[in-house]
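Visitor: Please find the sequence and the predicted model below.
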Amino acid sequence: MANTPSAKKRMRQNEKQRTRNKAARSRTKSYVKMAHQAIEAGDSQAATEAVRQAASELDRAATKGIIHPNNAARRKSRLTQKLNQAQGES
């Protein structure tokens, strides 16, 4: 347990950041999941919009330091590849 005032403050800050980061990470996962589902459904226009929103959410998380920028770039790239592959088949 923290004893010094600065350590106690740090614990309070860490808890606030953890809950904020958890919510943002969850929101990002939701958008990515919706994009995958839209691609699987086969509706090209809805899938394109869902991937755009997911990419935006990934960028936002990377900007806020919730995920590493390279992680966001990799996930966007994979989503886009999957979208392009699905559109090429139909």
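Guide: Alright, I've got the coordinates.
Visitor: From now on I want contacts and neighbour counts done on CA atoms only, so please keep to that.
Guide: Noted.
Visitor: gap between Glu57 and Ser26?
Guide: Between Glu57 and Ser26 the distance is 11 Å, computed by Cα to Cα, to the nearest Å.
Visitor: Between these two, tell me which one has more neighbours.
Guide: In this view Glu57 and Ser26 are compared by other Cα atoms under 10 Å, and Glu57 has more residues nearby, 21 against 11.
Visitor: ok now do that one, which residues does it touch?
Guide: Residues near Glu57 by Cα atoms under 8 Å, 6 or more residues apart in numbering: 27-28, 31.
Visitor: Tell me which residue is most central in the chain.
Guide: Nearest to the geometric centre of the chain sits Thr28, at 2.9 Å (Cα atoms, centre = their mean).
Visitor: Make sure that residue is actually in contact with Ala61.
Guide: Yes: at 7.3 Å, Thr28 counts as touching Ala61 under the criterion of Cα atoms under 8 Å.
Visitor: Can you check which residues contact both of these two?
Guide: By Cα under 8 Å, 6+ apart, no residue touches both Thr28 and Ala61.
Visitor: Local confidence estimate at the closest residue to the residue nearest to the centre of the chain other than its chain neighbours?
Guide: Nearest non-adjacent residue to Thr28, counting by Cα to Cα, 6 or more residues apart in numbering: Glu57, 5.6 Å away. We have a pLDDT of 97 for Glu57.
Visitor: Could you give the number of residues near Ile66?
Guide: 18.
Visitor: Would you mind pulling up the elements that the helix or strand containing Asn71 packs against?
Guide: If you go by DSSP states H and E, Asn71 is part of helix 69-89. In terms of contacts (3 or more Cα pairs under 8 Å, 6 or more residues apart in numbering; DSSP states H and E), helix 69-89 is packed against helix 5-41, helix 44-63.
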